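Peer 1: can't give you the sequence, but here's the structure:
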Ligand SMILES: Nc1ncnc2c1ncn2[C@@H]1O[C@H](COP(=O)(O)OP(=O)(O)OP(=O)(O)O)[C@@H](O)[C@H]1O
Ligand SMILES: [Mg+2]
């Protein structure tokens, strides 16, 4: 392996002099008095290799030795990743010693001793290639497939697969033979360079199947689909993280990978603390059992921040290749872009807009491009749904990360400061936000069958009413309450009803937090029926009082168990209220 | 006072406003040095050329200056002897007392492994209901006051600190006026709290760049008491805008490409490294950080408050409320993100809903005020909302209020029933039935 010597140090950018070949993105270890600091090649200029160090460089000196590894940054993949808390470079945080992180502690993500119940899938004589399923183990009730390593590029014939039984990850479970008759022993562990997409599938058809999140302003208003992409931009404190956490708790996914990228440590602690207690609303098992957390919090080394999102994506791709539904969340992709910016500035590269690197647009679009719904070579299907948050400087969406993400993500959930200030949570702006999937005929067909024929028309009706309500409220602001007809007030209040009953949802209320799709249908039907009812009022204050009472009853319903006695009682109260107004007509 | 084995270098190759470069070998990154007796730190090494940032500035440094490398990063000697003492940014006593003895620890040390943190769960009662009712604080939290320079944030911080029941209060002063420094000293000594206080002070009279050391000094002391001694430590940092200004000065003088508002592109990481030292430790100790970020003209989109907001767990926004002529904790822009860990759990069940309802009604009052300003008639509801808002400011939001949480909740219910009907507050029926004041 190539060796080198430190020549220069500028914060975590280190210049190394080498006299043998190195590759772009190759991993290297610097030997600092016996402590190994991991680093990655980011630029080569003649004999000078620029590496970014994934650790603090305090105490580093000119002349210290550097060992290049001959491979890029890799994730170690295999059974046992579920429930793991990994750092950005996919080292197991639980295995590290002490309260404080020490430099050079590179703990493996898999457990060598743990036994897995293995069942063969392939048999002698089968033709296999990279990502073919050889067998499966039970990992937290998920059929974790043991696959031909993704890095093996040829066609192979299975010579043998070990019989059903309990094995550790490093035991050979199959022997496969290549064209030249060479035998390869396969165990349950494989490695993959995180920055390279795993494309071991037949095709990537357009996604169309609703991914239920239990969040009404997503599922009802702007749904995301299995294998879809979305992003959540918003100023600080507008609710990006709360929304992402809600989705990761409630979404109907097999595997949830959460990348905490340059955000607060206490937010991952919240996941560590709550997920082992909370139940997956779809299976009743503990949430943590389906979750993997990749944590590079804001105080952890900046260079590893960039790696963290790639690590998370690679883990997602690995599980997708097993035919599973993966949900991947990254909070916040802006911190990743900022890490790139810090490095690019240190290397004195010519900056692009807002001093971000010139190629930020390509980096973002390549990353989003790795998500998707795929048909595997064996005919099974798998998906990665990816939702990233964006933290725009000053809350202004006209900045490079938001703009470039908007070009590639198909769902846009814009969080609005004004809504957050008025505690109208989730603060998703119902007018600016969109889901491109609503325009997919495949989705339309799916949703008509899955929910009802008139679903989409009702949703569109609701959106029109929200827009109309906003226009009227602006007019009222200009002309005054008396300056517009009572009719207008009624239309306005109907849009407020939609806002209060469908859009607003308390993420911290046990019942309101998650609304299954069946209940969303019930609420939409109810609200649209009211909206389509004619009401007559003598003046706008009467209208306001009436609708406030109605909103109050509907909110009580949202806080009650679906179709419980209490719920039904509120519904009866609501029907009575509507009737009184009808009789007056 | 060079020790025998220390080599002295005198070959200065470059001098800028903040840095000088010297030919030297075997130097560690981040290492401290003295240049003509002035403290400096290694910020760049290329071959045998070492660039040093001189904290006091480079005025008068000659090309044959004596450079001595100290073989260590900036550090602080920690022990119980720190308690009750006042230091400068280098950790040297400024109170005339002896230099404390203890284990020497490098400042700006590693981060806590996130899996070793505990979830914050202990409420900090301040008596100020703009905080306790709407933005409840929790040990292990990090939160700044956002305030214009003329607002009484130092007074509020001192009040909060003294009521917070902390084992140690560590004040890091950055660009603080001498008068404010004396104010803190006075308040703490009048409260008989001096033995729980530690101060690291950089005043407006000291060189600006020195203040870059203050937060790390304060937090190294804090980690000693919180981790080694399992104590509850409250760290006050005033003012982080002055700190950021010093960062800008340095990066500017080192010719780095500035990003927004002349701040370095690494501002987010620089500030996060400080604020993330707040933690609830596994053995009961904690570090809570309450900071000040001064604003210019209330502008929170400026890079310093903006990046801060993205890092901290909320912010407390001080505003002068003209309807009552007092400073209040603004319920709109203020936020404590950890409040849900304690509200309704450590406090009465109605707390979360009462808080939200009150803020919603306060927003209705803001709408009514806009109508009024635009010359429109107010409805009866608008008028009631305005009356409510005034009472709410006066009896709850004003910073001179001192109540316990039950009193705060009861006062709010009182205001609800004084101004509204039950169906107008939009709360869970059970709560209204239980607490509505008849
Ligand atoms: N759906 C919700 N229901 C109730 N409260 C909410 C909801 N969403 C957000 N909040 C409130 O807003 C606060 C801030 O939300 P969150 O931490 O998600 O913001 P953020 O956009 O991630 O901010 P940052 O960019 O600084 O990380 C929460 O602590 C909570 O008090
Ligand atoms: Mg967040």
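Peer 2: Noted; the coordinates are in hand. In this text the structure is predicted, and so the values were computed from the model without any measurement. Numbering: from 1, shown residues only, chains lettered A, B, ... in the order given. Ligands and ions are numbered 1, 2, ... in the order given.
Peer 1: Could you list the low-pLDDT ranges of chain A?
Peer 2: Chain A contains residues with pLDDT under 70 at A:582-585.
Peer 1: Which residue ranges of the chain form helices?
Peer 2: As the question left the chain open, I've gone with chain A. A:216, A:240-250, A:265-274, A:303-320, A:333-346, A:360-369, A:400-408, A:417-421, A:441-450, A:455-479, A:486-498, A:517-531, A:540-558, A:565-584 (DSSP state H).
Peer 1: if you could check chain B rather than the one you did, that'd help
Peer 2: B:129-132, B:153-163, B:178-190, B:214-223, B:240-253, B:267-275, B:303-311, B:351-373, B:380-392, B:405-419, B:429-435.
Peer 1: Let me have these in a markdown table, adding mean neighbour count, distance to residue A:121 and mean pLDDT as columns.
Peer 2: Where you see a C-beta, it was placed from the backbone N, CA and C, and this is true even at glycine. Below are these laid out as a markdown table (neighbours: other C-beta atoms under 10 Å in any protein chain shown; distance: least, C-beta to C-beta, whole Å; pLDDT from 0 to 100):
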| stretch | mean neighbour count | distance to residue A:121 | mean pLDDT |
| --- | --- | --- | --- |
| helix B:129-132 | 27 | 59 | 94 |
| helix B:153-163 | 22 | 62 | 93 |
| helix B:178-190 | 15 | 70 | 95 |
| helix B:214-223 | 27 | 52 | 98 |
| helix B:240-253 | 21 | 57 | 90 |
| helix B:267-275 | 24 | 46 | 94 |
| helix B:303-311 | 25 | 47 | 95 |
| helix B:351-373 | 19 | 50 | 92 |
| helix B:380-392 | 19 | 66 | 96 |
| helix B:405-419 | 19 | 59 | 96 |
| helix B:429-435 | 15 | 54 | 92 |
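Peer 1: Would you mind telling me which of those is nearest ligand 2?
Peer 2: helix B:303-311 (7.7 Å; C-beta to the ion).
Peer 1: That closest one close to ligand 2?
Peer 2: No. Judged by C-beta under 5 Å from the ion, helix B:303-311 stays clear of ligand 2, getting no closer than 7.7 Å.
Peer 1: Show me what that helix is packed against.
Peer 2: Packed against helix B:303-311 by the contact rule (3 or more C-beta pairs under 8 Å, 6 or more residues apart in numbering or on different chains; DSSP states H and E) you find strand B:142-147, helix B:240-253, helix B:267-275, strand B:286-294, strand B:314-321.
Peer 1: in the last one, what's buried?
Peer 2: Read that as strand B:314-321. For strand B:314-321, the buried set under the neighbour-count rule, 16 or more other C-beta atoms under 10 Å in any protein chain shown, comprises B:314-319, B:321.
Peer 1: What of the shortest one?
Peer 2: Residues of strand B:142-147 classed as buried by neighbour count (16+ other C-beta under 10 Å): B:142-147.
Peer 1: do you know which of the helices and strands packed on helix B:303-311 lies nearest residue A:525?
Peer 2: Residue A:525 lies closest to strand B:314-321 among the helices and strands packed on helix B:303-311, at 38.5 Å (C-beta to C-beta).
Peer 1: okay, the angle between that closest one and helix B:380-392?
Peer 2: For strand B:314-321 against helix B:380-392, the angle by axes from the mean of the first three to the mean of the last three C-alpha atoms, to 10 degrees is 100 degrees.
Peer 1: Pairing partners for strand B:314-321, with directions?
Peer 2: strand B:142-147 (parallel), strand B:326-329 (antiparallel), strand B:335-336 (antiparallel) (DSSP bridges).
Peer 1: what's the spacing between residue A:429 and residue B:389?
Peer 2: Distance, residue A:429 to residue B:389, by C-beta to C-beta, to the nearest Å: 26 Å.
Peer 1: and what of residue A:191?
Peer 2: 61 Å.
Peer 1: cool, and residue B:357?
Peer 2: Distance, residue B:357 to residue B:389, using C-beta to C-beta: 13 Å.
Peer 1: How about residue A:263?
Peer 2: 35 Å.
Peer 1: Against residue A:229, how distant is the residue in chain B that ligand 1 sits nearest to?
Peer 2: Across chain B, no residue is closer to ligand 1 than residue B:337, which sits at 3.5 Å (C-beta to the nearest ligand atom). According to C-beta to C-beta, residue B:337 and residue A:229 sit 27 Å apart.
Peer 1: Give me the more crowded residue out of these two.
Peer 2: Legend: neighbour count by other C-beta atoms under 10 Å in any protein chain shown for residue B:337 and residue A:229, higher for residue A:229 (26 against 21).
Peer 1: Correct me if wrong: that one contacts residue A:407.
Peer 2: No. At 11.2 Å, residue A:229 does not count as touching residue A:407 under the criterion of C-beta atoms under 8 Å.
Peer 1: if we can go back for a sec, could the helices and strands packed on helix B:303-311 be laid out in CSV, adding distance to residue A:59?
Peer 2: Shown next, in CSV, are the helices and strands packed on helix B:303-311 (distance: least, C-beta to C-beta, whole Å):
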stretch, distance to residue A:59
strand B:142-147, 28
helix B:240-253, 21
helix B:267-275, 17
strand B:286-294, 25
strand B:314-321, 36
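Peer 1: possible to save these as CSV with distance to ligand 1?
Peer 2: Shown next, in CSV, are the helices and strands packed on helix B:303-311 (distance: least, C-beta to the nearest ligand atom, whole Å):
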stretch, distance to ligand 1
strand B:142-147, 12
helix B:240-253, 16
helix B:267-275, 11
strand B:286-294, 14
strand B:314-321, 7
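Peer 1: To residue A:473, which of these lies closest?
Peer 2: strand B:314-321 (25.4 Å).
Peer 1: where's the residue of the stretch 1-150 of chain A found nearest ligand 1 relative to chain B, distance?
Peer 2: Per C-beta to the nearest ligand atom, residue A:88 is where the stretch 1-150 of chain A lies closest to ligand 1, at 17.9 Å. Going from residue A:88 to chain B by C-beta to the nearest C-beta, to the nearest Å gives 12 Å.
Peer 1: just checking, residue A:335 touches residue A:305?
Peer 2: Yes. Using C-beta under 8 Å, residue A:335 is in contact with residue A:305, at 5.9 Å.
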